[in-house]
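> With the sequence up front, the predicted model follows.
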Amino acid sequence: MSNITESNVVVSTEISSNVENTLPQVCLPGNGTTLTDTAEAMATVYRNESNPEKRLYNRGGVVCCIDKDRNGTLMLTVLPAKRACSEFEQVAILGKQKKTKGGESVNAFEPDVCSTDTASKVLIARSFLDILPRINLVTSVPVILEGENNQCRIINSYDEASGIFPTGIPVENIPLADAVQLLREAIADFNFQTEGDKSRALAALLTPALVAGGVLDARAPVMMLEADKSQSGKGFFTKILGAIYNEIPVTVTQRSGGTGSLDENFDAALCSGRQLIVLDNLRGKMNSPQIEAFLTSDLYPARMPYAPQMAVEAKRYFIMATSNNFELTTDMANRSNIIRILKQRMGYQFLSFAEGDILAHIKANQPKYLGAIFAVIREWVSQGKPRQASAHHDFRDWCRATDWIIQNICHSTPLMEGHQDAKMMTMYPEANWVKSLFSIANGLEELNKPLTAHQLAEYCELGELELPGSQGLSLSDLDEKGQSQVCSQIGRRFSSLFRKLGNEGEINLGSFSLQRKSQKLTYASGKMENATVYLFNAFA
């Protein structure tokens, strides 16, 4: 046993020695070598490294290395000085010039260890950063870029011109008609509230490929996936999209603030260099000036704890958000592409494949589905990247381009159909409740008829809606004082919505309007009084 051990030690030493002999020598500062000399030599070694996964990269003025997460997915990590000491040794033999007894340097190299202090100075040296290759994004799939003469090119390895590090297997070439059918198949199991929501879902599938390589040089809005009930499929949609791009999207969760807040976790996700990010299960009011700023910035200053701030090229990222019940600020609503998903009816037969459900099928055929997306993009580029003449969204370039693609290549409903209504419901929580009342009044053919607060309370009972101020009791279980309290709360809720929309008499809620006025009413008892009434009207 001892002989085997000794033999193993000798072999290991020989291998190590052979590897070291192939590595270049880099002199550390001192004995006539300046810090700039060391920084330039070390950066040159990394630039010449044949394995792109072993290189260091300059990302927005910060040195990053390539790591893998627990799923084996490549990601960017800010390189700290302590780790750099050993990382430098993987690509170079470090040492110093020898000194003679008289103190003068001689032309001899003596191996040495890089100190943390030296490493920290090298990492921030301009001469080091300027030589390192630059990087913006790491993906698990090939990336499509625009070439010459209305053609596209696809990259599957590090591309310094774009700063993208793609990996993964090549996509399949899919005929255009088949490509459109595949994309429709990918979302066929979702019960979208309107055809416009389905079109916006198709645009969501296309957008990561459009913006990653700059084929569409425009900022993309955040894709807001809103569900009416739990288990409607909003999270499943993010998995479908992730599977097409061979990614598990980086998940960001919402907290109230401080360490681990939404903003802090969002910055950490950006620093990973992964393109797909999900703001998961948002609750209450989403008010993040930081994320709103990211959605309109060319370069966004992201920072992780105990790491230097880096400038992130924001337009290459794709952000999704999921929620059953959230409220958006006006700024965030204007920066969103809202996709409303309803829970499928009981007994619905979901698509089935040899691999299982649609998600399993896409994972097993990922190059085909991404090939379908590339086919649609190629067609758009080949036609000269036409756009719709107008945009009904604040992100005009994205909207005009994707709307043209959706209507003319995918042959679907206009992109922004019903979107204004969706925005209204996310900005004003009361609007969802009022919309449900409108649906009941419409079903009872009570449109354009004056309705009192008490009648609206009865509608709440009929439609199993929240009954404001009832403390969980039904209208019939409340005494006269309790019913009066409910009517008062209904009036306050309407007043709040009228006030927010800046009109005391009539408000437009997308597909319908609500009018409020005072009217003299005569009751069965013969009593007459002025009361506030409400009238719902549908738009043709």
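Received the coordinates, thanks. Keep in mind the model is a prediction, meaning the values are calculated, not measured.

> and the nearest residue to Arg274 once chain neighbours are set aside, what does it touch?
Of all residues not flanking Arg274 in the chain, Val250 sits nearest, at 5.1 Å (C-beta to C-beta, 6 or more residues apart in numbering). From N, CA and C alone the C-beta is placed, and that goes for glycine too. By C-beta atoms under 8 Å, 6 or more residues apart in numbering, the contact list for Val250 reads Ala269, Ser272, Arg274, Leu276, Ile277, Val278.

> Could I have the CA atoms of the helix or strand containing Glu185 written out in CSV?
For Glu185, the host element (DSSP states H and E) is helix 176-186. What follows is helix 176-186, C-alpha atoms only, in CSV (Å, rounded to 0.1, in the frame of the first residue of the first chain):
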residue,chain,number,x,y,z
LEU,A,176,-42.0,29.4,-41.1
ALA,A,177,-45.5,27.9,-41.2
ASP,A,178,-44.4,25.1,-38.8
ALA,A,179,-42.6,27.6,-36.6
VAL,A,180,-45.8,29.7,-36.0
GLN,A,181,-47.7,26.5,-35.3
LEU,A,182,-45.1,25.4,-32.7
LEU,A,183,-45.3,28.7,-30.9
ARG,A,184,-49.1,28.5,-30.8
GLU,A,185,-48.8,25.0,-29.5
ALA,A,186,-46.5,26.1,-26.7
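
> to the chain's geometric centre, what's the distance from the helix or strand that comes right after that helix?
Next along the chain after helix 176-186, taking DSSP H and E as the criterion, comes strand 191-192. What separates the centre of strand 191-192 from the centre of its chain is 21 Å, taken as C-alpha atoms, centre = their mean, to the nearest Å.

> which helices and strands does strand 191-192 pack with?
Strand 191-192 is packed against strand 336-342, with contacts defined by 3 or more C-beta pairs under 8 Å, 6 or more residues apart in numbering; DSSP states H and E.

> Which strands border the strand it packs on, and is each parallel or antiparallel?
Using DSSP bridges, the strands paired with strand 336-342 are strand 191-192 (antiparallel), strand 222-227 (parallel).

> pLDDT of that strand, averaged?
Mean pLDDT, strand 336-342: 93.

> Model confidence for Gly163, exactly?
On the pLDDT scale, Gly163 gets 93.

> Tell me who's in contact with it.
Neighbours of Gly163 in contact, by C-beta under 8 Å, 6+ apart: Arg134, Ile135, Asn136, Leu137, Glu313.

> What's the separation between the last one and Glu247?
Taking C-beta to C-beta, to the nearest Å as the criterion, Glu313 is separated from Glu247 by 18 Å.

> Which of the two has more residues huddled nearby?
Counted by other C-beta atoms under 10 Å, Glu313 and Glu247 do not tie: Glu247 has more neighbours, with 21 against 18.

> residue nearest the centroid of this protein?
The chain has Ile319 as the residue nearest its centroid, 1.3 Å off, counting by C-alpha atoms, centre = their mean.

> Name the residues of the helix or strand containing that one that are buried.
Per DSSP H and E, Ile319 falls inside strand 318-323. Of the residues in strand 318-323, Phe318, Ile319, Met320, Ala321, Thr322, Ser323 count as buried by neighbour count, 16 or more other C-beta atoms under 10 Å.

> same deal with stretch 53-61?
Residues Arg55, Leu56, Tyr57, Asn58, Arg59, Gly60 are the ones in stretch 53-61 that count as buried (16+ other C-beta under 10 Å).

> Cross those against helices and list the overlap.
Residues of the buried residues of stretch 53-61 located in helices (DSSP state H): none.

> How about stretch 441-450, which residues are buried there?
Ala441, Glu446.

> one step back: got a markdown table for the contacts of Gly163, with secondary structure, pLDDT and distance to Ile93 too?
Compiled in a markdown table, the contacts of Gly163 are given as follows (DSSP: H, G, I helix; E, B strand; the rest coil; pLDDT from 0 to 100; distance: C-beta to C-beta, whole Å):
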| residue | secondary structure | pLDDT | distance to Ile93 |
| --- | --- | --- | --- |
| Arg134 | strand | 95 | 27 |
| Ile135 | coil | 94 | 26 |
| Asn136 | coil | 91 | 32 |
| Leu137 | strand | 92 | 33 |
| Glu313 | strand | 90 | 35 |
